[in-house]
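In: sequence first, then the predicted structure, then my questions.
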Amino acid sequence: VQLQACGGGLVQAGGSLRLSCAASGRTFTIYVMGWFRQAPGKEREFVAAVRKYDGVRDYADSVKGRFAISRDNAKNTVSLQMNSLKSEDTAVYYCAKAAGLGVDYWGQGTQVTVSS
C-alpha cells in the first residue's frame, strides 16, 4: 500500500486546513486509516482514525470538536478537516494505515504550521 498525503501549509490561529491522503496498491487490505502528528521534540501521536466499512471514527481528546475525519471508499482517500487551529496543532501530519493495534504503512508527512 502506498499513501500520498497533501494539503498542509501555514495558517493563522483560528483558521482551517484540510488534509487529504490517497491510498494505492493493495487497498483491499485497508480496514482502518487515520492521521498521526509529530511536533518538534515530541513523539508521534494519534490524531484521528476512521473505519473503512462502517465509518466509525475516533479522535484524540485534543482535537475533538475541532477536527473531522472522513473517507471516500470509491476513491480510496481519507481526509482530515481541521478547524479552529491552535499553535499547538503545529506538526508534521502523517497519514497511516492501521494493522491490528499498530500501523503498517505511513504516508510521507505534510507540514502544518499554525501561527499565533
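Out: Yep, that arrived.

In: which residue is the nearest non-sequential neighbour of the most centrally placed residue in the chain?
Out: Closest to where the C-alpha atoms of the chain average out (Cα atoms, centre = their mean) is Trp35, at 2.6 Å. If the residues on either side of it in the chain are set aside, Trp35 comes closest to Val47, at 4.3 Å by Cβ to Cβ, 6 or more residues apart in numbering. In this view, the C-beta of every residue, glycine as well, is placed from N, C-alpha and C.

In: cool, and Leu10?
Out: Nearest residue to Leu10, sequence neighbours excluded (Cβ to Cβ, 6+ apart): Thr113, at 4.7 Å.

In: quick one: residues contacting the one you found.
Out: Neighbour list for Thr113: Gly8, Gly9, Leu10, Val11, Thr90 [criterion: Cβ atoms under 8 Å, 6 or more residues apart in numbering].

In: okay, and it sits in which element?
Out: strand 110-115 (DSSP states H and E).

In: next one: Lys97
Out: Secondary structure from DSSP H and E places Lys97 in strand 91-99.

In: list the pairing partners of that strand within its sheet, with orientation.
Out: Sheet pairing for strand 91-99, assigned by DSSP bridges, gives strand 32-38 (antiparallel), strand 102-106 (antiparallel), strand 110-115 (antiparallel).

In: how about the helices in the protein?
Out: For the chain, no helices are identified by DSSP state H.

In: strands of that one, residue ranges please.
Out: Taking DSSP state E to define them, one finds strands in the chain at 2-6, 9-12, 17-24, 32-38, 45-51, 57-59, 67-72, 77-82, 91-99, 102-106, 110-115.

In: how about those in a markdown table, adding mean pLDDT?
Out: As requested, the strands of the chain are exported to a markdown table (pLDDT from 0 to 100):
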| stretch | mean pLDDT |
| --- | --- |
| strand 2-6 | 94 |
| strand 9-12 | 98 |
| strand 17-24 | 96 |
| strand 32-38 | 97 |
| strand 45-51 | 97 |
| strand 57-59 | 98 |
| strand 67-72 | 97 |
| strand 77-82 | 98 |
| strand 91-99 | 96 |
| strand 102-106 | 94 |
| strand 110-115 | 98 |
